[in-house]
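>>> Please find the sequence and the predicted model below.
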Amino acid sequence: MPVPLAAVPILTIGEFRGELLSVLGDGRRLLLLAGMARAADGVQLLAALADDASGEIGLVATVVADSYPALTPDHPAAHYFEREIHEQWGVCPQDHPWLKPVRFPHDGRAIEDVDFFRASGAEIHEVAVGPVHAGIIEPGHFRFNCHGERVLHLEISLGYQHRGVEAALCGGPDKRGIHLAETAAGDTSAGHASAYCQLLEALSGTHCSPRAVMLRQVALELERIANHIGDLGALAGDVGFLPASAYCGRLRGDVLNLTALLCGSRLGRGWIRPGGVVREPGGDLLRELKRRLAGAERDMRNAVDLLWKSSSVRARFENTGTLTRQAARDLGIVGPPARASGIDRDCRRDFPAPGDRGRHPAIAVGESGDVFARALQRWHEIENALAFLAQILDEPEAGEPLTPLAPLAPEHLALSLVEGWRGEIVHLATTDAAGHLSHYKILDPSFRNWFGLAIAMRGQAISDFPLCNKSFNLSYCGHDL
Amino acid sequence: MFKALLARARQGYRTGAYPAQDPVLPPLFRGRPVLDAARCASGCARCVDICPTDALHVSTAGPELDLGRCIFCGECAAACPEDAIGFTRDWRLAASERGDLAVTGDRELRVETLRRELRRLLGRSLRLRQISAGGCNGCEAELNALGNVVFDTSRFGIDFVASPRHADGVLITGPLTENMKAATLQTYQAVAEPKLVIAAGACAISGGIFRDHAEVHNGAADLLPVDLYIPGCPPHPYTIIDGLLRLLGRL
């Protein structure tokens, strides 16, 4: 629900810290912490606090001058948000352990001008990888501090993909907005497009038909299945197990083709729009979808079964790159890596899309937090998504696919949450007096999860990096925006 | 071992018959546009107003669509009251000249085959280094698909390699962000002569949806001499294969 900007309580920085730290110790988690606007006496910071159990989100704000006592020493999940605040707003969170730039925006420090965390001592060496990688992968730089084969610390330096997405969304909504959302992280077009649309619908009080909500769920779950099965294939490839790698690679394409069957684009572009969806596939296509999904499921089961039944694969997956439940909780990790570490957190159940009538896939939760758990988590999410799609395709909702979007409420704030295949996507925006978007914030799950990968790599063999990296499979452009 | 063999039998042979047979694309696939000037008599320019990347231009000669900018969202076709704009299922979109991407009427795109000397060197073995320079992982995902068993470009001798020193050229995706400028130029310089530059996707050709952002360079051609343009957002794997094979004179 949108809230009037005037209704967000503005506390002193002391009260703000006190409120946050007391609430965060009380079962809630930091959903987002960001600079929002320049005020006469400094910069306004906003914190969103999520209560997963009740599905409630609390908002508090404060105004800080050029510095304030950092939250990170008391609440580590704030560390990346505070680095971003430092970079975007020039405000210094004092006593923050590592205020390194996040994206190197064009008016700031050059991306080549990076200082890395260093380990020193006899036999310590560094390995630098990227930004251009060995395969067809987005750019990023990885700096390993190693003792022999063992990784002491991995520093991940991103920003190469920074395209100015958030800034370009301000002033909208306009004809470019939905396309910027679809390409914020292009492998998550349905996820970010849904978050963008839900946000505009919240700000304008527009209600999508149950049919539109259902078709978005179809788009999101197909995106999840395609990416998860692709990841399982890539994980198989990273341990040299080529049968599953080849079959899953093909199956990924088959699922992308199902999305193209419904909307023309393998990535689901040109489908989800503010107010609903623009392409109504109709009953025949949905029946065709169901039939082909059943065939794909049989082949997926057959291909993925090879992974679990091959001891050589299990030996490489198990106890590799473990992210403990405590570390995942402390860092605010989201999505499959969080669930694979035993954290029961999923927006589809906790923060459902408006109008989804409580229908969502079953939520799987793992335990061991290693590469094996993250692989198995993906398979369970595929199974649950397939079962869910079969269910909703059997009992489809009715209604007009598209409802015209009403004008946005002026001087309001809203946020939307969508469980994309990588995890929790948050979009947040404010409107000005004319009802235009005055500030737009995108939080891809990768923003929070990249540091989880760095922690999972500690003490691991450097040769296991590709495997660990693929088990997280995070977005560069979703982070860099 | 037995399980793997049984699975192999079950999964079957999946490589597409292309280019011996044309690919079958879904009915809603948006490929090469056809613009009917005769139907565009009123010149209402609704398509121009709605186009998110300013790819359309309407003159007395009718509508003209720049495939270098087009992201194939189909908004123009939906907005046109006269059905003057349609997207066919033709996946062949690549061109060797930037100017040729501005399509009118029912014009097909043209790729010039590499000159003889280059074709002799690269025609049966093309090794490319991929540089993602702000690509959203849409183009990258479709390029990765070229390696799967369905598209399998290795059968044409086309592979993506891990070092520019092993490459015959670079394939660039993304609008070429300022933050990737130095890495892109260094990678290009590290490729031995003679070398090719291929720009894949609307971003790499024109900046795409990010055109004129202060953070980007409006595509590869701003900094490098481009030999082949492959439009799309992202281009379909068959669009990419078609462009590469025609460049090599294999189609």
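Perfect, I can see it now. Numbers count the residues shown, from 1 in each chain, chains lettered A, B, ... in the order given.

>>> All the helices of chain B, residue numbers only.
B:2-11, B:46-50, B:75-79, B:116-122, B:138-145, B:181-190, B:202-206, B:237-247 (DSSP state H).

>>> Please point out which parts of stretch A:133-141 sit buried.
A:His133, A:Ile136, A:Ile137, A:Glu138, A:Pro139, A:Gly140, A:His141 (16 or more other CB atoms under 10 Å in any protein chain shown). C-beta coordinates here come from the backbone N, C-alpha and C atoms, glycine included.

>>> Sort out which of those are in helices and list them.
Among those, no member falls in helices (DSSP H).

>>> Any chance of those residues in TSV with pLDDT as columns?
TSV is the format used below for these (pLDDT from 0 to 100):
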residue	pLDDT
A:His133	91
A:Ile136	94
A:Ile137	94
A:Glu138	96
A:Pro139	96
A:Gly140	95
A:His141	95
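
>>> Which ones among the residues you listed also lie next to chain B?
A:Ile136, A:Ile137, A:Glu138, A:Pro139 (CB under 8 Å from any CB of the partner chain).

>>> Just give the nearest non-adjacent residue to the third one, would you?
Think A:Glu138. A:Tyr476 (3.7 Å; CB to CB, 6 or more residues apart in numbering or on different chains).

>>> count of neighbours near that neighbour?
Counted with other CB atoms under 10 Å in any protein chain shown, residues neighbouring A:Tyr476 total 29.

>>> and if you look at B:Leu126?
25.

>>> Enumerate the positions of stretch B:146-154 that are buried.
In stretch B:146-154, counting by 16+ other CB under 10 Å, buried: B:Leu146, B:Gly147, B:Asn148, B:Val149, B:Val150, B:Phe151, B:Asp152, B:Thr153.

>>> quick one: that stretch near chain A?
Yes - judged by CB under 8 Å from any CB, stretch B:146-154 comes into contact with chain A at B:Gly147, B:Asn148, B:Val149, B:Val150.

>>> List the contacts of the third one.
Translated: B:Val149. Going by CB atoms under 8 Å, 6 or more residues apart in numbering or on different chains, B:Val149 touches A:Ala246, A:Gly249, A:Arg250, B:Arg14, B:Thr15.

>>> just curious, which of these is nearest to A:Arg329?
A:Gly249 (34.0 Å; CB to CB).

>>> can you count the residues close to the closest one?
25.

>>> next one: A:Ala6
The burial count for A:Ala6: 9, using other CB under 10 Å.

>>> picking up where we left off before, I'd like the contacts of B:Val149 as JSON lines, with pLDDT appended.
Shown next, in JSON lines, are the contacts of B:Val149 (pLDDT from 0 to 100):
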{"residue": "A:Ala246", "pLDDT": "95"}
{"residue": "A:Gly249", "pLDDT": "95"}
{"residue": "A:Arg250", "pLDDT": "95"}
{"residue": "B:Arg14", "pLDDT": "91"}
{"residue": "B:Thr15", "pLDDT": "92"}
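
>>> Return the members of those residues classed as buried.
A:Ala246, A:Gly249, A:Arg250, B:Arg14.

>>> Am I right that A:Val127 falls within a strand?
Yes - judged by DSSP: H, G, I helix; E, B strand; the rest coil, A:Val127 forms part of a strand.

>>> Please name the bridge partners of it.
A:Phe144 (DSSP bridges).

>>> pLDDT score for residue 99?
Looking at chain A here, since you left the chain open. At A:Leu99, the pLDDT value in this model is 90.

>>> my bad, chain B
So, for B:Gly99, pLDDT stands at 93.

>>> What is the neighbour count of it?
8.

>>> Kindly report the same for the one 10 residues further on.
One way to gauge burial is a neighbour count; for B:Leu109, by other CB under 10 Å, it gives 21.

>>> One more: A:Ser204?
A:Ser204: 22 neighbours (other CB under 10 Å).

>>> ok, now B:Val161?
B:Val161 has 15 neighbours, counted by other CB under 10 Å.

>>> Kindly confirm my reading that A:Val60 is in a helix.
No - looking at A:Val60 with three-state DSSP, it is strand, so not inside a helix.

>>> thinking again about what came up before, looking at the helices of chain B, which is buried most?
With neighbours defined as mean count of other CB atoms under 10 Å in any protein chain shown, the helices of chain B peak in mean count at helix B:202-206, which reaches a mean of 32.

>>> that older thread, nearest to chain A among the helices of chain B would be which one?
Between chain A and the helices of chain B, the shortest gap by CB to the nearest CB is with helix B:138-145, which sits at 3.3 Å.

>>> how about that closest one, does it reach chain A?
Yes - Helix B:138-145 reaches chain A (CB under 8 Å from any CB) through B:Gly138, B:Cys139, B:Glu140, B:Ala141, B:Glu142, B:Leu143, B:Asn144, B:Ala145.
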